[in-house]
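[1] Provided below for reference: sequence and predicted model.
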Amino acid sequence: MVVRIRLSRFGCKNRPFYRVMAADSRSPRDGKHLEILGYYNPLPGQDGGKRMGLNFERVKYWLSVGAQPSEPAQKILFRAGILPPPPLMVMTRKGGPRDTRPVDPMTGRVLTPKDSEGAAEPEGKDENDD
């Protein structure tokens, strides 16, 4: 049984409210679940109330036993500080296929293997030291 951490939609039309839950990957989105881990409200109230609440200990437990978060759940867990940022991919052109090289989320630069960084010496510094 593959366990996924994913969102289950509640609320009415145009007013979504999500529960973060651990569920079997074969069960439907709003169907049977193993455990409720928290909530996420993308539309906060007039008072600017809480938008997200998670049980950190239980989320860490499910991740430690091999539960895989879905993409929206992974973004929520990143915002909460539980997971590292998801890897970004380079776009070659607008609407085109993605490049498979990973991108550093903080700088936006393409990550290269560490052994090629050490071999590449910056040119121009050795020529003139005036």
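    Looks like it arrived, so ask away.

[2] now do the same end-to-end measure for stretch 65-72.
    20 Å (CA to CA, to the nearest Å).

[3] List the contacts of it.
    Stretch 65-72 is contacted from outside by 2, 3, 4, 5, 6, 7, 22, 25, 63, 77, 83, 86, using CB atoms under 8 Å, 6 or more residues apart in numbering. C-betas here are computed from N, CA, C, even on glycine.

[4] And the strands in this structure, which stretches?
    3-12, 15-24, 35-40, 52-54, 68-69, 88-91, 98-103 (DSSP state E).

[5] For the first one, output the C-alpha coordinates as CSV.
    Meaning strand 3-12. Extracted C-alpha coordinates of strand 3-12, given in CSV (Å, rounded to 0.1, in the frame of the first residue of the first chain):
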residue,chain,number,x,y,z
VAL,A,3,0.6,6.2,1.3
ARG,A,4,0.3,9.7,-0.1
ILE,A,5,0.0,13.0,1.8
ARG,A,6,-2.5,15.0,-0.1
LEU,A,7,-5.3,17.5,0.0
SER,A,8,-9.0,16.7,0.3
ARG,A,9,-11.4,19.4,-0.8
PHE,A,10,-14.2,20.6,1.4
GLY,A,11,-16.3,23.8,1.4
CYS,A,12,-18.9,25.0,-1.1
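
[6] Flag every buried residue along that strand.
    3, 4, 5, 6, 7, 8 (16 or more other CB atoms under 10 Å).

[7] now do stretch 76-86
    76, 77, 80, 83.

[8] gap between the spatially closest residue to the last one that is not a sequence neighbour and residue 20?
    Right, the one you point to is residue 83. In space, and not counting its chain neighbours, residue 83 is closest to residue 77: 4.4 Å by CB to CB, 6 or more residues apart in numbering. Using CB to CB, to the nearest Å, residue 77 is found at 8 Å from residue 20.
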